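> from the sequence below, what's the structure:
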Amino acid sequence: MPSTELLALIALSLVALAGVVVTLFRCRRTVRSGTALVISDTTSTPKVVTSGTVTVWPLVHRAEMVDLTVHSLRVQMKGATALSCRDNIRVDVEAVFFVHVNNCTEDILIVARKVGCEHSGDAAKLETLFKPMFVEALATVAKSMRFEDLVSDRELFKHSVANSCGRDLGGFVLSNVAVDYLEQTPAETLDPNNINDAEGLRMISERTGAEALAKAQAELARDRALMEVQQEHASIRQSLH
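Below you'll find the model as predicted:
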């Protein structure tokens, strides 16, 4: 029969083996869809893993997750902050910008270094990073277009805003822009003491007057045509008698 010492040695070996297996199991990290794992070690360049399973050793590696999913940032500019067009007519706008970390090693490392892995999907951090740029893009494009052109061609406005932002945003990518709301700013919210607003009010008044005149002229032409038809019918009936 085996000696007590041998049995103890076998038991310790089994315990040690079980410990190694458990440690290996716990060190295995599966990279979920929509994420990347940035693994730092003693080398100068961290390793980026975007799929599969990888071993992360305690005390040797530091693993941090980067969010690769798409995030939406809503920008609302209405009333006092409404956009000003080239003809100084203001427009209320609500736009949604869709951004995400570009799924390539170089861009993931840029975000990890400059923004921090833990902030890659943080809504407040993303708004701080990108909202000023998006507001400037909206304002710049609106100022380059006449009011009528802007409201009649939302696609052109949307694409122009996206082009103004650019696609490369320091490791992030602007994947799309949606214009949810685009209407003339109500005249009562404008400041007549502001030179640009005053010019915009004048343009609105002129445009409204022109539209009213055109409508009145159309109604007058319609009434004249109806009167001529009625006179013609009366003439025909009279000639029959």
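
> could you pull up phi and psi at the nearest residue to Leu129 once chain neighbours are set aside?
Nearest residue to Leu129, sequence neighbours excluded (C-beta to C-beta, 6 or more residues apart in numbering): Val115, at 7.1 Å. The way it works is simple: take the backbone N, C-alpha and C, and place the C-beta from them, glycine included. Dihedral pair for Val115: phi -110, psi -40, per degrees, to the nearest 10.

> now do the contacts for Val115.
125, 129, 170-171 (C-beta atoms under 8 Å, 6 or more residues apart in numbering).

> separation between it and Val49?
Relative to Val49, Val115 is positioned 19 Å away (C-beta to C-beta, to the nearest Å).

> pLDDT weak spots in this structure?
1-3, 5-29, 42, 44, 52, 55-61, 187-241 (pLDDT under 70).

> outline the domain layout of it.
Structural domains assigned to the chain are 1-28, 71-189, following automatic domain parsing.

> and of the ones you listed, who's closest to Val38?
domain 71-189 (4.9 Å; C-beta to C-beta).

> so Ala142 sits against Leu150, correct?
Yes. Ala142 lies in contact with Leu150 (C-beta atoms under 8 Å); the separation is 6.3 Å.

> shared neighbours of these two, anything?
Contact criterion C-beta under 8 Å, 6+ apart; residues shared by Ala142 and Leu150: 85, 91, 157.

> out of the residues you listed, which is nearest to Gln76?
Within the shared contacts of Ala142 and Leu150, proximity to Gln76 (C-beta to C-beta) peaks at Val91, which comes in at 12.3 Å.

> in the sheet, who's paired with the closest one?
Using DSSP bridges, the beta-bridge partners of Val91 come out as Leu83, Gln184.

> so it makes contact with Gln184?
Yes. Under the criterion of C-beta under 8 Å, Val91 makes contact with Gln184 at 6.0 Å.

> which of those two has more neighbours?
The neighbour count for Val91 versus Gln184, taken as other C-beta atoms under 10 Å, is higher for Val91 (22 against 17).

> now do the same contact list for Glu127.
Leu73.

> let me fix that, I meant to ask about Ala137.
Going by C-beta under 8 Å, 6+ apart, the list of residues near Ala137 reads 161, 164-165.

> want to throw those into TSV with distance to Glu64 and secondary structure?
Shown next, in TSV, are the contacts of Ala137 (distance: C-beta to C-beta, whole Å; DSSP: H, G, I helix; E, B strand; the rest coil):
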residue	distance to Glu64	secondary structure
Val161	33	helix
Ser164	33	helix
Cys165	27	helix
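
> just the helices in this protein please.
For the chain, applying DSSP state H gives helices covering 4-27, 105-114, 123-143, 147-152, 154-165, 195-240.

> keeping just the C-alphas, turn the shortest one into PDB.
The one in question is helix 147-152. What follows is helix 147-152, C-alpha atoms only, in PDB (Å, rounded to 0.1, in the frame of the first residue of the first chain):
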ATOM      1  CA  PHE A 147     -33.300  79.700 -46.000                       C
ATOM      2  CA  GLU A 148     -35.400  78.400 -48.900                       C
ATOM      3  CA  ASP A 149     -32.600  76.200 -50.100                       C
ATOM      4  CA  LEU A 150     -31.900  74.800 -46.700                       C
ATOM      5  CA  VAL A 151     -35.500  73.800 -45.900                       C
ATOM      6  CA  SER A 152     -36.200  72.500 -49.400                       C
END
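
> quick check: buried residues in that helix?
For helix 147-152, the neighbour count (16 or more other C-beta atoms under 10 Å) marks 147, 150-151 as buried.

> again with stretch 162-180
Neighbour counts over stretch 162-180 (16+ other C-beta under 10 Å) mark 162, 164-165, 169, 171-174, 177, 179 as buried.

> one more: stretch 95-109?
95, 97, 99-102, 105, 107-109.

> among those residues, which one lies nearest to Leu138?
Ala95 (6.3 Å).
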